[in-house]
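Engineer: Next come a sequence and a model predicted from it.
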Amino acid sequence: MTGPQRTPGVLGVDVGGTKVALRAEAPGLPAYERTFRWPRGADPVADLAVLAAEVERLREAWGPVGAVGVAMPATTDPAGTVTTWPGRPGWAGLDLAGALRRLFPDAATAVADDGDLAALAEARHAGRDDVVYLGVGTGIGGGVVLAGRSVPGRSSAEIGHMVVALDGERCDCGRRGCLQSIASGPATLRRASAGRGGEVSFDDLRAGLDERRPWAVEAVDASCRALAAAVVSLGELLDPALAIVGGGFAAGLPALVPLVAERARSAGRPGRPAPPVRAAALGALSSLHGAVELARGLTGTPAPARSIPTL
């Protein structure tokens with residue numbers, strides 16, 4: 001990039017099971033945004049090669065970054081090694097901290113759970129200190145914010161693996177009845193395909209829902225009931241001011257969040273109503289904006305999310 005030198009910007013990277021989103025910001029410059037899909041096969045070497053090419057593209061088109069926040073759905077240990085990631089199982093054992101050091105040798109980097117970061121970003125946007133967040137996409141992520149901060153603990157809030165039906169579908173974690181096994185995008189599409197008697201794409205599901213096709217309505221309603229059960233249970237445990245439902249799958253089905261809200265409201269009890277349910281204001285970009293905030297924290301402002309420093 002030519003021109004006078006400037007202060008390096010901050011970069012947020014939202015890593016998903018099928019795609020990755022990047023957003024870089026710097027004073028006086030338009031934000032850089034880019035989304036790309038992982039190659040097929042879930043091979044970490046191939047994945048990191050694609051990510052490295054995208055980082056180089058960012059540097060050439062936009063400029064340097066001095067801090068990087070990464071939102072990850074994978075489970076990592078304290079050293080920054082991926083221990084498990086059902087979405088891309090080949091990443092298990094990957095030294096993510098080392099990979100980030102090689103990708104960004106001149107930048108401070110940190111990793112945090114994508115659900116935690118999404119929850120923080122949405123809570124700030126809503127102006128609420130006590131929020132639960134459920135992100136519905138390829139899997140189901142989530143986060144809990146109380147008193148304006150991520151709930152402290154040894155690990156992130158695994159809302160997608162809350163058990164909502166002991167005899168339910170088998171989850172990719174190996175257990176039956178996890179919220180993710182019922183209400184994730186792929187689970188909903190599988191159920192719709194079974195009801196229709198043929199493969200259903202996301203566009204098919206959206207059209208079928210608009211047309212009130214029974215196979216679409218029933219598939220989505222089952223997901224909404226499971227999500228509502230999770231919201232009601234989280235409400236009993238934490239008494240949040242707000243439950244926010246986001247993620248790419250939810251963002252693409254405008255009817256989904258109102259159905260979850262209706263189901264949750266009807267499941268409240270006297271003296272303990274379910275928390276109100278709203279669609280994520282940041283849509284499918286909640287985790288990405290949270291990753292940008294994590295990067296900002298590395299530049300001097302304390303980061304509110306639990307993170308894994310890699311430098």
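Structural biologist: All right, it came through fine.
Engineer: What is the neighbour count of T35?
Structural biologist: Using other CB atoms under 10 Å, T35 has 15 other residues around it. Glycine gets a C-beta too; all of them are placed from N, C-alpha and C.
Engineer: How far off centre is the host helix or strand of it?
Structural biologist: Per DSSP states H and E: T35 is located in strand 32-37. Chain-centre distance of strand 32-37: 16 Å, with CA atoms, centre = their mean, to the nearest Å.
Engineer: So which elements touch the next helix-or-strand element following it?
Structural biologist: The C-terminal neighbour of strand 32-37 among helices and strands, as given by DSSP H and E, is helix 44-61. Packing partners of helix 44-61 (3 or more CB pairs under 8 Å, 6 or more residues apart in numbering; DSSP states H and E): strand 19-25, strand 32-37, helix 96-103.
Engineer: can you do 6 Å?
Structural biologist: In terms of contacts (3 or more CB pairs under 6 Å, 6 or more residues apart in numbering; DSSP states H and E), helix 44-61 is packed against helix 96-103.
Engineer: hey, where'd the helices end up in the stretch 101-250 of the chain?
Structural biologist: For the stretch 101-250 of the chain, the helices defined by DSSP state H, counting those that start in this stretch cover 114-126, 179-183, 185-196, 202-210, 214-238, 248-251.
Engineer: With distance to T83 and mean pLDDT as extra columns, can I get those in TSV?
Structural biologist: Shown next, in TSV, are those (distance: least, CB to CB, whole Å; pLDDT from 0 to 100):
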stretch	distance to T83	mean pLDDT
helix 114-126	16	91
helix 179-183	18	96
helix 185-196	22	97
helix 202-210	30	96
helix 214-238	24	96
helix 248-251	25	91
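Engineer: I'd like those helices laid out as CSV, including distance to W38 and mean neighbour count.
Structural biologist: Listed next are those as CSV, based on distance: least, CB to CB, whole Å; neighbours: other CB atoms under 10 Å:
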stretch, distance to W38, mean neighbour count
helix 114-126, 15, 27
helix 179-183, 19, 28
helix 185-196, 15, 20
helix 202-210, 17, 17
helix 214-238, 24, 21
helix 248-251, 14, 23
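Engineer: Among those helices, which comes closest to P258?
Structural biologist: helix 214-238 (9.0 Å; CB to CB).
Engineer: can you state the direction angle for the closest one and helix 185-196?
Structural biologist: Orientation check (axes from the mean of the first three to the mean of the last three CA atoms, to 10 degrees): helix 214-238 against helix 185-196 gives 140 degrees.
Engineer: Could I get the helices of the stretch 101-250 of the chain in JSON lines, plus columns for distance to T81?
Structural biologist: As requested, the helices of the stretch 101-250 of the chain are arranged in JSON lines below (distance: least, CB to CB, whole Å):
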{"stretch": "helix 114-126", "distance to T81": "17"}
{"stretch": "helix 179-183", "distance to T81": "23"}
{"stretch": "helix 185-196", "distance to T81": "27"}
{"stretch": "helix 202-210", "distance to T81": "33"}
{"stretch": "helix 214-238", "distance to T81": "29"}
{"stretch": "helix 248-251", "distance to T81": "27"}
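Engineer: hang on, the earlier thing: check which helices and strands the strand holding T35 is in contact with.
Structural biologist: Looks like strand 32-37 contacts strand 19-25 (3+ CB pairs under 6 Å, 6+ apart).
Engineer: measure C224 to G235 for me?
Structural biologist: Distance, C224 to G235, using CB to CB, to the nearest Å: 16 Å.
Engineer: Could you chop this protein up by domain?
Structural biologist: 9-114+286-309, 116-282 (automatic domain parsing).
Engineer: Would you pull up how far the first one lies from the middle of the chain?
Structural biologist: The one in question is domain 9-114+286-309. Worked out by CA atoms, centre = their mean, domain 9-114+286-309 lies 13 Å from the chain centre.
Engineer: Then the last one?
Structural biologist: Taking the mean of its C-alpha atoms, domain 116-282 sits 12 Å from the chain's own mean (CA atoms, centre = their mean).
Engineer: Stretch 274-290 now?
Structural biologist: On CA atoms, centre = their mean, the centre of stretch 274-290 falls 10 Å from that of its chain.
Engineer: Before we move on, what's the pLDDT of the residue nearest to R225 when sequence neighbours are not counted?
Structural biologist: Nearest residue to R225 in three dimensions, chain neighbours excluded: R263, at 5.6 Å (CB to CB, 6 or more residues apart in numbering). We have a pLDDT of 96 for R263.
Engineer: helix or strand for R263, which one?
Structural biologist: helix 256-266.
Engineer: Go through that helix and flag the buried ones.
Structural biologist: 256-257, 259-261, 263-265 (16 or more other CB atoms under 10 Å).
Engineer: Okay, angle between it and helix 202-210 too, please.
Structural biologist: 50 degrees.
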